[in-house]
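Asker: Here you go, sequence then predicted model.
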Amino acid sequence: MQIALFVSSGDALQSGWLLKFLRGVSRAEIKQMQANLAKYSRHFVYSSPAQPLGPEDLAWRMIAGKVVNIKLHTRRSQRVVKESRSICTCDCRRPAANVTVQVR
């Protein structure tokens, strides 16, 4: 099921490329995409008030699921003892212990 055409911004910026690409799309492909869009358009139409399992409801459900994970990550990061779990595993952040510099 295809309802849209995707192009890279790099290609689209080339002079004449986008026009040539769009002219290369056949009428049959356009008709098929229009039919697919008509078939699935209810998933893209927003209603007021929001309907159960409508686009708004599904979007809010996804956001709610992410909020739970964000809160969990925040709580976990607050429980970590300083420098017990460091992203950096090299010695660049830790002061060297018992280093003596001799000057001659």
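Answerer: Structure received.
Asker: From here on, just use CA atoms for contacts and neighbour counts.
Answerer: OK.
Asker: Helix, strand, or coil at Gly10?
Answerer: Classification of Gly10 using DSSP: H, G, I helix; E, B strand; the rest coil returns helix.
Asker: Please save the CA atoms from stretch 8-25 in CSV.
Answerer: As requested, the backbone C-alpha atoms of stretch 8-25 are provided in CSV (Å, rounded to 0.1, in the frame of the first residue of the first chain):
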residue,chain,number,x,y,z
SER,A,8,15.5,12.8,-0.5
SER,A,9,16.1,16.5,0.0
GLY,A,10,19.5,16.2,-1.8
ASP,A,11,17.8,14.9,-4.9
ALA,A,12,15.0,17.4,-4.7
LEU,A,13,17.4,20.3,-4.6
GLN,A,14,19.0,19.3,-7.9
SER,A,15,17.8,21.6,-10.7
GLY,A,16,15.0,19.9,-12.6
TRP,A,17,15.2,16.6,-10.8
LEU,A,18,11.9,16.8,-8.9
LEU,A,19,9.9,17.8,-12.0
LYS,A,20,11.5,14.9,-14.0
PHE,A,21,10.7,12.5,-11.1
LEU,A,22,7.1,13.5,-10.8
ARG,A,23,6.5,13.3,-14.6
GLY,A,24,7.9,9.8,-14.4
VAL,A,25,5.1,8.6,-12.2
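Asker: for that stretch, which positions count as buried?
Answerer: Going by neighbour count (16 or more other C-alpha atoms under 10 Å), the buried part of stretch 8-25 is Leu18.
Asker: mind checking how far the longest helix seen in the chain is from the chain centre?
Answerer: With secondary structure taken from DSSP state H, the chain has its longest helix at helix 55-79. How far helix 55-79 lies from its chain's middle: 15 Å, per C-alpha atoms, centre = their mean, to the nearest Å.
Asker: Can you tell me how far Trp17 is from Arg27?
Answerer: 19 Å (C-alpha to C-alpha, to the nearest Å).
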